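Visitor: Fold the following and give me the result.
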Amino acid sequence: MVALAQSMVGDHPARPVLVLSNDPNAGGLAKARDLGITADAIDHKRFGKDRAAFEDALHKRLIQAVPDIICLAGFMRILTPDFAAKWEGRMLNIHPSLLPKYKGLHTHTRALAAGDTDHGCTVHQVTAALDDGPILGQAHMALQDGDTSASLATKLLPLEHALYVAVLRRFASGDATPVMLG
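Guide: The predicted structure follows:
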């Protein structure tokens with residue numbers, strides 16, 4: 001989130017209007033405020049198992065902010081098809097694998113267990129299916145002997161930042177041509 005927000009200056013075609021979290025204690029909220037960005041949280045826990053009510057509150061808060069594009073960054077809630085449909089074509093996500101491989105969680109562990117030699121991250125449009133929308137960019141890195149899930153996460157983070165920043169700039173300019181790094 002910070003990398004995206006810091007990139008949206010000068011001739012960048014987008015500007016941040018809101019950082020929204022489902023966790024009122026998320027560290028990104030304070031970071032957003034420090035950057036002068038409105039930040040808010042809608043605690044999913046207060047909705048219990050009523051996902052529709054939680055997503056309705058998210059939707060209403062987003063409507064108030066009037067975003068053109070929604071960039072998910074560390075938002076670890078699976079969104080329902082109804083919510084995804086409301087923002088279809090305007091919602092991006094970053095995922096720590098080379099989709100379509102390793103949708104869901106524990107991607108680094110799964111890549112290591114499979115004996116992969118190549119790993120990376122993907123920015124994609126969000127659709128109703130988990131980690132399955134059109135791919136807007138990927139960054140590749142070689143796996144090395146001795147890599148662990150933790151070391152992969154650390155090594156991948158700078159690539160995630162570079163990729164998401166590049167994809168957002170291109171997407172906000174109206175170009176959905178995939179960005180490939182590495």
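
Visitor: ok, and what's touching stretch 153-169?
Guide: 3-4, 7-8, 12-14, 69, 71, 73, 92, 94, 96, 108, 119-121, 123, 136-139, 141, 147, 179, 181-182 (C-beta atoms under 8 Å, 6 or more residues apart in numbering). C-beta coordinates here come from the backbone N, C-alpha and C atoms, glycine included.

Visitor: now, which of these lie within strands?
Guide: Of the contacts of stretch 153-169, the ones assigned to strands by DSSP state E are 71, 92, 94, 119-121, 123, 136-139, 141, 179, 181.

Visitor: what's the pLDDT at the residue lying farthest from the centre of the chain?
Guide: The centre of the chain is farthest from one residue, residue 145, which by C-alpha atoms, centre = their mean lies 28.5 Å away. With respect to pLDDT, residue 145 has a value of 95.

Visitor: Could you work out the end-to-end span of stretch 30-49 for me?
Guide: In stretch 30-49, first residue to last residue: 28 Å (C-alpha to C-alpha, to the nearest Å).

Visitor: can you give me how far that stretch is from the chain middle?
Guide: 16 Å (C-alpha atoms, centre = their mean, to the nearest Å).

Visitor: List the buried residues for it?
Guide: Residues 32, 37, 39, 41-42, 44, 47 are the ones in stretch 30-49 that count as buried (16 or more other C-beta atoms under 10 Å).

Visitor: Equivalent analysis for stretch 120-128, please.
Guide: 120-127.

Visitor: Residue 10: neighbour count?
Guide: 5 (other C-beta atoms under 10 Å).
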